[in-house]
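>>> Structural data only, the sequence is not supplied:
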């Protein structure tokens, strides 16, 4: 019963809305017929009506044109925003690449410094070996040149045998 009442009320509301819409349509049609009849009379009022309608048409065309321009500008704005976003994204990628390259260069410089230090150490070690070899040869020549029998003296024997070892 309650549901049937609600259905009837809903149907009544739909009928009222439909009736109002039909009444408005009928009034518009009656107004247009009256307007056409008035325009056909070619008097001062009909001339004013025609001028007003022409002005309305002109304004409507201008509105349509401005709406089209607004849509075009909105589309340009959207395109600019997309391009800006893509440029921002590309900029971020380039910044990351630059950071990576700088990090690699820093590592290479650090590696080069280490290799330069190693090379300097090798050069210094080579010079020390050469100087030690020269000193060993000088000592050997001094001992041999002094004509001391170094083979009988255990202390001199140890020194000479040590000097003969390669550095």
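That came through fine. Quantities reported herein were computed from a predicted structural model and do not represent experimental measurements.
>>> so what secondary structure elements neighbour the helix or strand harbouring residue 59?
Assessed by DSSP states H and E, residue 59 sits inside helix 44-145. In terms of contacts (3 or more Cβ pairs under 8 Å, 6 or more residues apart in numbering; DSSP states H and E), helix 44-145 is packed against helix 2-40, helix 154-164. Just so you know, the C-beta spots here come from the backbone N, C-alpha and C atoms, and that holds for glycine as well.
>>> Which other helices and strands does the shortest one contact?
For helix 154-164, the elements it packs on are helix 44-145, judged by 3+ Cβ pairs under 8 Å, 6+ apart.
>>> so where is this protein shaky, pLDDT-wise?
Across the chain, the ranges flagged by pLDDT under 70 are 166-167.
>>> rewinding a little: just name the most buried of the helices and strands packed on helix 44-145.
Of all these, helix 154-164 has the most neighbours on average by mean count of other Cβ atoms under 10 Å, namely a mean of 12.
>>> how far off helix 154-164 does the helix holding residue 59 point, in degrees?
Interaxial angle of helix 44-145 relative to helix 154-164 (axes from the mean of the first three to the mean of the last three Cα atoms, to 10 degrees): 140 degrees.
>>> Please renumber the chain so that the first residue is 11 from this point on.
Shifting the count to begin at 11 puts that one at helix 54-155.
>>> about what we covered before: mind checking the helices and strands packed on helix 54-155 for the one nearest to residue 118?
The closest of the helices and strands packed on helix 54-155 to residue 118 is helix 164-174. By Cβ to Cβ, the value is 44.5 Å.
>>> List the contacts of that closest one.
146, 149, 150, 153, 158, 160, 161 (Cβ atoms under 8 Å, 6 or more residues apart in numbering).
>>> circling back to that earlier point, now the helices and strands packed on helix 54-155 in TSV, with distance to residue 84?
As requested, the helices and strands packed on helix 54-155 are arranged in TSV below (distance: least, Cβ to Cβ, whole Å):
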stretch	distance to residue 84
helix 12-50	33
helix 164-174	94
